[in-house]
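Chemist: I would like the atomic coordinates for the input below:
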Amino acid sequence: MAQSEGTAGDIKGIRSAPVSEWLEANVEGLKPPFRFGLIAGGHSNLTYKVDDAAGRSIVLRRPPTGAVLATAHDMAREHKIISAVAKSDVPVPTALGLCEDESVNDAPFYLMDYIEGTVLNDANITREVLDEPARKALSDHTAEVLAALHMVEPADIGLGDLGKREDYIARQLKRWKGQWEKSKTRELPAMDEVFEGLSKLIPEQQGAGIVHGDYRLGNMLVSTEGRILAVLDWELCTLGDTLADLGYLLNNWFQPGDESLDGAAAFGPTSVGGFSTREELVERYASLTGRELGNVDYYRAFQYWRISAIVEGVLARYLKGVMGNEADTDVFRKQVEGTAHAALELIQSVS
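Modeler: Below you'll find the model as predicted:
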């Protein structure tokens, strides 16, 4: 992730004086003064790197500035999740503190350790950071970490009350249909058609586990050896049908020669080659979990539809100016349309 230049004064989303006072009082070992820099790359909650006077770095997460959907940016929930997942074999940053007093920074925020690593946002970064053996190693580790997450009993790590376990897809369809209606910037008939198809073809859920909700290489810090150092961005995590995570991962696992969704496939981090194929990824995951994966295309259709609703929300927030930085909104608009039509093609093939 790119980071804006750090500053000891206020930047958008950070009231440096009260935040600095809170950090000094509540995070052991931090030495003021602090410098704050916005870490670019996320499009929902805002992420900042905080450097102290002794050279230590931590990360601060807060909601977007301005009005947001009420349930989409719960800092206490996200803090609880990474604190719990840290008890499992899934690598996450160490949670350091939670501030729910909105007088400090106008919104809740939480802190976690800063981990040195690389986020593979595109093919160019992959070429620079990973050789071919490391790409194959990362393929295996990506499947292994996802399987490890899905095999955790939520109650064993304190997440038994995170959400309802059953009827995950039906609940998600209702949720994201509602978010789409609240956030949409124009009418898109494909979204309604896919929703109807997904609703009619919901597969039987195979057990219930922890669903990350945004599991892809762009939400991981990785090493040059092809190991996942930390899985990030747990804001969409819940309980339910874990195969939804696999469908989402496959949609983001571009292979050389894939047809482009408005250019996305050509620049995806796995499009450079040297990674496992989608089929190999599915086989590895199945061998680790014992899950039946014959209906994985349904989950891929669901995830294309869901990401269309999510990105439309991102687009709406940028248009309202509440995201802390600027972006090319036409890119988001085209992505929504591309993924909606990809979802339509898949659900038509399933039906």
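Chemist: how deep is F36 tucked in, by neighbour count?
Modeler: If you count neighbours by other C-beta atoms under 10 Å, F36 ends up with 22. No exception for glycine: its C-beta is placed from N, CA and C like everyone else's.
Chemist: so it belongs to a strand, correct?
Modeler: Yes. Note on F36: a strand contains this position according to DSSP: H, G, I helix; E, B strand; the rest coil.
Chemist: ok, it touching Y48?
Modeler: Yes. At 5.3 Å, F36 and Y48 qualify as touching, with contact defined as C-beta atoms under 8 Å.
Chemist: shared neighbours of those two, anything?
Modeler: A shared contact of F36 and Y48, defined by C-beta atoms under 8 Å, 6 or more residues apart in numbering, is any residue touching both; here these are I11, I14, L60.
Chemist: if the nearest residue to the second one once chain neighbours are set aside is in a bridge, with which residues?
Modeler: When the adjacent residues along the chain are set aside, I14 lies closest to F36, with 4.8 Å between them (C-beta to C-beta, 6 or more residues apart in numbering). Per DSSP bridges, residues listed as beta-bridge partners of F36: T7, V50.
Chemist: and the most centrally placed residue in the chain, which helix or strand is it part of?
Modeler: With the centre of the chain defined as its mean C-alpha position, the nearest residue by C-alpha atoms, centre = their mean is D214, 3.5 Å away. Element membership for D214, per DSSP states H and E: none, as it lies in no helix or strand.
Chemist: quick check: phi and psi at it.
Modeler: Note on D214: its backbone torsions stand at phi -150, psi 40 [degrees, to the nearest 10].
Chemist: re earlier: how near is the residue nearest to I14 to L23?
Modeler: As defined by C-beta to C-beta, to the nearest Å, F36 lies at a distance of 10 Å from L23.
Chemist: and for these two, which residues touch both?
Modeler: With contacts taken as C-beta under 8 Å, 6+ apart, the residues that reach both F36 and L23 are V50.
Chemist: that's a helix at Y304, yeah?
Modeler: Yes. Under three-state DSSP, Y304 sits within a helix.
Chemist: would you confirm that it contacts N251?
Modeler: Yes. Because the distance of 6.0 Å satisfies C-beta under 8 Å, Y304 is recorded as touching N251.
Chemist: one step back: residue contacts, the residue nearest to the centre of the chain?
Modeler: Listed by C-beta under 8 Å, 6+ apart, the contact partners of D214 are D233, E235, L236, Y248.
Chemist: count the residues that sit near A40.
Modeler: Residue crowding around A40 was assessed by other C-beta under 10 Å; the count is 15.
Chemist: my bad, should have said E78
Modeler: Counted with other C-beta under 10 Å, residues neighbouring E78 total 23.
Chemist: could you grab the helix/strand/coil label for it?
Modeler: When the structure is split into helix, strand and coil by three-state DSSP, E78 lands in helix.
Chemist: same check on V272?
Modeler: Classification of V272 by three-state DSSP places it in coil.
Chemist: any idea how far the residue nearest to the centre of the chain is from V272?
Modeler: Relative to V272, D214 is positioned 22 Å away (criterion: C-beta to C-beta).
Chemist: okay, and the common contacts of Y304 and N251?
Modeler: Shared contacts of Y304 and N251, defined by C-beta under 8 Å, 6+ apart, are found at A342.
Chemist: who wins for most neighbours among the contacts of D214?
Modeler: Among the contacts of D214, Y248 has the most neighbours (other C-beta under 10 Å), with 24 neighbours.
Chemist: what about the helix or strand encompassing S349, average pLDDT?
Modeler: For S349, the enclosing helix or strand under DSSP H and E is helix 329-350. Per-residue pLDDT over helix 329-350 has a mean of 92.
Chemist: residues making contact with it?
Modeler: With C-beta under 8 Å, 6+ apart, helix 329-350 has contacts from 185, 188, 190-191, 193-194, 197-198, 201, 251, 261-262, 264, 295, 297-298, 300-305, 307-308, 311-312, 314-315, 318-319.
Chemist: and those, which of them are in helices?
Modeler: Mapping these onto helices (DSSP state H) picks out 190-191, 193-194, 197-198, 251, 264, 297-298, 300-305, 307-308, 311-312, 314-315, 318-319.
Chemist: next secondary structure after the lowest-mean-pLDDT helix or strand in the chain?
Modeler: Within the chain, judged by mean pLDDT, DSSP states H and E, the helix or strand with the poorest mean is helix 264-267; its value is a mean of 66. Heading C-terminal from helix 264-267, the first helix or strand you meet, by DSSP H and E, is helix 278-289.
Chemist: thank you kindly, that will do.
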